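# Quick one: sequence plus predicted model below, questions after.
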Amino acid sequence: MTHPRLFPSLSLLALLAFPACGGEKAPEAGAPSAAPQVAAISFDPAKITPAQVALGDSIFHGKIGASSCQACHGEGGRQGTVAPILSDKEWLHGDGSLESIYNTIKSGVMAPKQFSSVMPPYGGVTMTPERTLAVAAYVYKLSNP
């Protein structure tokens with residue numbers, strides 16, 4: 001005698017196990033992957049585009065996104081009241097390179113050297129790598145016009 005409740009469970013188990021046991025063909029060598037590829041990020045300052053800087057400016061000043069970097073760093077990064085000024089050559093958390101600025105935005109600053117306020121990763125909002133690079137490019141250009 002079979003249990004009527006057991007049959008649907010066994011059917012579901014078989015369906016779940018089939019793809020795991022090779023039920024789907026592996027992609028052939030050289031075939032394009034179905035997963036979207038993320039473009040490699042360049043930290044070469046010579047490759048910063050005006051469009052990146054404009055996007056970074058808009059994000060920094062809260063025109064795009066849910067956060068405003070200027071709230072802590074001041075307009076144009078020049079009036080830091082609870083966070084460092086970003087428009088000079090003095091860098092507290094990195095060397096001022098594009099890559100260093102990107103990584104600081106990405107990681108945040110949990111142990112500030114001169115200010116009591118922390119900066120959460122990405123300023124506390126979700127940002128794509130492209131937007132993070134745009135903000136980093138804008139900040140880089142503030143101290144490297």
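Arrived safely, thanks for sending.

# residues touching N103, list them.
Taking CB atoms under 8 Å, 6 or more residues apart in numbering, we find N103 in contact with G94. In short, each C-beta sits where N, CA and C put it, glycine included.

# For D95, see how far away it is.
10 Å (CB to CB, to the nearest Å).

# Confirm for me that P84 is in contact with M119.
No - judged on CB atoms under 8 Å, P84 makes no contact with M119 at a distance of 9.5 Å.

# Give me the distance between N103 and P120.
Noted for N103: a distance of 14 Å to P120, by CB to CB.

# correction: L142
L142 sits 21 Å away from P120, going by CB to CB.

# what's the answer for G62, then?
Distance of G62 to P120, given as CB to CB: 16 Å.

# What residues sit buried inside the longest helix anywhere in the chain?
Of all the segments of type helix in the chain, defined by DSSP state H, the longest one is helix 129-143. For helix 129-143, a neighbour-count test (16 or more other CB atoms under 10 Å) marks 131-143 as buried.
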